[in-house]
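Enquirer: What shape does this take:
(one chain, ligands or ions: 1)
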Amino acid sequence: MSLPKLNAPAVRVLYWFRTDLRLHDSPALTAALGLENIEAFYPMAVSSSVDGRRLGEPDQAQLKAEAARSERISRRSTPSSLEGMGNYAHGVRKARQRDENIINVAKREAPGMQIIVKDGHNLLDPELVVKKGNGGKCISTLVAWKKAAAKVGEIPRPLPAIRMLPDPGSLALQSVNNPISSLDGRNGNTKMDGPFARLKGENVNHDIMDKDRFDCFDSISGPGQDFALPTLSSLGLPEATTSILGGEAEALRRLEAFLSDKTRTATFSKPASAPTSLEPSTTQLSPYLKFGCLSVREFYWRAKDIIDSYKPKKGETVTKEPENLLGQLEFREMYYCAEFATPNYDRIRGNPLSKFMSWALMNHYDEKGEMIMPRPQGKAQDEERFLRWCYISWERGTEVFDEYLLDWDPASNPGNWMWLSCSAFFSQYFRVYGLVSWPLKTDKTGALVRKYCPELRDIPDKYIYAPHLAPLVAQQKAKCIIGQDYPFPMLDEKTEKERCIARLKIAFQVGLRGNATEVMTGKAEDILKQKFKHAMGREEDEDVLDGGGNKVTESPSGKRKAASSGHSASGPLDAFVKRQKQ
Ligand SMILES: Cc1cc2nc3c(=O)[nH]c(=O)nc-3n(C[C@H](O)[C@H](O)[C@H](O)COP(=O)(O)OP(=O)(O)OC[C@H]3O[C@@H](n4cnc5c(N)ncnc54)[C@H](O)[C@@H]3O)c2cc1C
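Expert: Just a heads-up that it's a prediction; the model follows:
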């Protein structure tokens, strides 16, 4: 790689940590340190509640702070200005737009400044994979990603870790404009002057932010000029509850610990992992990838080298993509490429990738396209719809995960929600997780339920996933009367499942996507409702009753059957499970 040379004999480097809070395999840091005659080196990280999002839940903020702190410690005594916490709110698409804005401001205001941009967050740059590998078109399958990636080139091996950073030099912002020799030391005048003073308050993110909030410190070393990271309480957040420790050292320790078991690495199979197990059966490395404490290329190549050289013992099978570890990392890449290529990726309206269904609790928009119902809380009619259907928009799920998922990621979160809701990436809408049959596969005794719902601790295994079906005597023995100590189910699974599948079938037949004119003009929901009525002879949310006033379920084939009541306090669970299996 040839590095750009600056004209000036001595250069001052402002290094912006973004998604790579680490010293190993950091292409941008390596490029920055490859510059000649570095006179001062200002490492910096910026965070804000951009995009109208909250700063982050305490657990997310804590992890980011630890990531920053660990990076600081591993640079020994060199001070750091990693003062930010919070989310990386932008996916590649918006981040590239933001970068362009910043580069334009820098070019305009400081023509002598040279800007070097390097991506270290992906196996291969998603923009390059989409543009060079797939003609600019969206990538929504692993096969398509692999094909496109092959046109870009081999996934680079990780770069060696940086051992030491240069001294930051003067920390006064005015020094950016004045010769270093004219300044009075590290904690000199921190007031901005010169051309950058005019930029105070200019928001280069204005066209990609929902709110026009903009704060900035006027010293490189933070408000206290001591490089201290803000505490959670200073950010108005309660203490974190996660037991997961953040930071690069911890990330590498966990990677090492997982990969040291070569058999587990070479035979890893995601479908065989147990999402209900109390101890994680996957690597749990995603938060470290998200905050950039772990390089995805380090993870990929370390795993690949083990897999490629592994000699399976009798009875073992070396797994392949997509189910092996490499396949998991490639899924992440696929979502990044899809995010880069898709406008409005995290919502339905205007999103060409997402199919349109008439979900409950969807975002709503006024005639100018402004969102008018971003959140469902507090609306009686919404709660009513929630209780009736549970056919809830994936936008709501994404929103909850944005706030609470430690590994929340702007590409993987909406992507996985689109996948699971059959809005994109996956279309077998008739395959539905059974509330009983699915957890039974990996947790027969309900250990996870017993841990997190202690009311159910003594319910017999047989009824743990449908305690309302336990005989009264079993409920009494377990000191858990359903309807009193623990609620009845809100919905009848079978009835609602069949209703949802019927609606999905209609939506698939109509085939509208988020960017269709009907969606943009707000007519799509009515179109689907009318189509449903025409096909099924009733309204979408109308219950079908038989002659005796009992609810009747309707299968996609149109065959009607009497529904079993979800509120029944009797009936054997094993019969129910058998039915699910059939
Ligand atoms: C609705 C929904 C939303 C999700 N949102 C996110 C998210 O915001 N951020 C996130 O990292 N994961 C997300 N996931 C994926 C899921 O949480 C993964 O199981 C998680 O990455 C597990 O971490 P792990 O490190 O133990 O994974 P492992 O199984 O050990 O896999 C190794 C790595 O592969 C990648 N990976 C594995 N599965 C997925 C996947 N389904 N999608 C993308 N990358 C994957 C991750 O980087 C992970 O660290 C979501 C899944 C669902 C169903």
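
Enquirer: how about the helices in the stretch 51-200 of the chain?
Expert: Along the stretch 51-200 of the chain, counting by DSSP state H, counting those that start in this stretch, helices occupy 58-74, 92-109, 126-134, 142-152.

Enquirer: quick one: buried residues of the longest one?
Expert: The neighbour-count criterion (16 or more other Cβ atoms under 10 Å) identifies 92-96, 98-99, 101, 106 as the buried residues of helix 92-109. Where C-beta positions appear, they are placed from N, C-alpha and C, glycine not excepted.

Enquirer: go on, stretch 267-284?
Expert: Result for stretch 267-284 [16+ other Cβ under 10 Å]: buried residues 267-268, 276, 281, 283.

Enquirer: Same check on stretch 30-39?
Expert: Buried, per 16+ other Cβ under 10 Å, within stretch 30-39: 30-33, 35, 38-39.

Enquirer: ditto for stretch 137-147
Expert: 138-140, 142, 144-146.

Enquirer: Just the closest of those residues to L325, please.
Expert: Nearest to L325, judged by Cβ to Cβ, of these is L142 at 13.7 Å.

Enquirer: For the closest one, which residues are in contact?
Expert: Counting by Cβ atoms under 8 Å, 6 or more residues apart in numbering, L142 touches 321-322, 327, 330-331, 334.

Enquirer: Which of the helices or strands spans L14?
Expert: Taking DSSP states H and E as the criterion, L14 maps to strand 11-17.

Enquirer: residues from the chain in reach of the ligand?
Expert: Counting by Cβ under 6 Å from any ligand atom, the chain comes close to the ligand at 270, 280, 282-286, 289-290, 325, 328-329, 331-332, 335, 401, 405, 407-409, 412-413, 416-417, 420.

Enquirer: Just the ones of those residues in helices?
Expert: 286, 289-290, 325, 328-329, 331-332, 335, 401, 412-413, 416-417, 420 (DSSP state H).

Enquirer: Could you identify the buried members of these?
Expert: Using 16+ other Cβ under 10 Å as the burial test, these include 286, 289-290, 325, 328-329, 331-332, 335, 401, 412-413, 416-417 as buried.

Enquirer: residue boundaries of the strands in this protein?
Expert: 11-17, 38-45, 81-82, 544-545, 551-554, 560-562 (DSSP state E).

Enquirer: Lowest mean pLDDT across these, which one is that?
Expert: Sorting those by mean pLDDT places strand 81-82 lowest, at a mean of 28.

Enquirer: What sits closest to P275 if chain neighbours are left out?
Expert: T442 (6.7 Å; Cβ to Cβ, 6 or more residues apart in numbering).

Enquirer: Based on its surroundings, how many neighbours for that neighbour?
Expert: Neighbourhood size, T442 [other Cβ atoms under 10 Å]: 14.

Enquirer: Could you pull up the residues touching it?
Expert: 274-277.

Enquirer: cool, P312 as well?
Expert: Going by Cβ under 8 Å, 6+ apart, P312 touches 266-267, 318.

Enquirer: and of those, the nearest to L14?
Expert: A266 (43.3 Å).

Enquirer: any idea of the pLDDT on the closest one?
Expert: Here the pLDDT value assigned to A266 is 98.

Enquirer: so who does it touch?
Expert: A266 sits in contact with 306-307, 310, 312, 316, 318-319, where contact means Cβ under 8 Å, 6+ apart.

Enquirer: which of these are buried?
Expert: Using 16+ other Cβ under 10 Å, the buried ones in these are 306-307, 318-319.

Enquirer: and the residues you listed as CSV, adding distance to G397?
Expert: Formatted as CSV, those follow (distance: Cβ to Cβ, whole Å):
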residue, distance to G397
I306, 35
I307, 33
V318, 35
T319, 29
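
Enquirer: Out of these, the closest to the ligand would be?
Expert: Nearest to the ligand among the buried ones among the contacts of A266: T319, at 11.9 Å, using Cβ to the nearest ligand atom.

Enquirer: Isn't the closest one up against T267?
Expert: Yes - with contact defined as Cβ atoms under 8 Å, T319 counts as touching T267 (5.7 Å).

Enquirer: returning to that earlier point: looking at the ones in helices among the residues of the chain next to the ligand, which has the smallest pLDDT value?
Expert: When these are compared by pLDDT, F401 scores lowest at 87.

Enquirer: Find the residue closest to that one in space, skipping its chain neighbours.
Expert: Per Cβ to Cβ, 6+ apart, closest to F401 is N413, 5.1 Å.

Enquirer: what's the distance between the one you found and L245?
Expert: 23 Å (Cβ to Cβ, to the nearest Å).

Enquirer: A524 too?
Expert: From A524 over to L245 (counting by Cβ to Cβ), the distance is 46 Å.

Enquirer: E321 now?
Expert: 30 Å.

Enquirer: Then L361?
Expert: Distance from L361 to L245, by Cβ to Cβ: 36 Å.

Enquirer: who has more neighbours, those two?
Expert: A count of neighbours by other Cβ under 10 Å puts L361 above the other of L361 and L245, at 19 against 15.

Enquirer: Tell me how far that one lies from the ligand.
Expert: For L361, the distance to the ligand (Cβ to the nearest ligand atom, to the nearest Å) stands at 16 Å.

Enquirer: pLDDT at T342, what is it?
Expert: As predicted, T342 sits at a pLDDT of 97.

Enquirer: can you tell me which residues contact the spatially closest residue to it that is not a sequence neighbour?
Expert: Spatial nearest neighbour of T342, excluding adjacent residues (Cβ to Cβ, 6+ apart): L353 at 4.7 Å. Taking Cβ under 8 Å, 6+ apart, we find L353 in contact with 138, 140, 338, 342, 345, 418, 423-424, 513-514.
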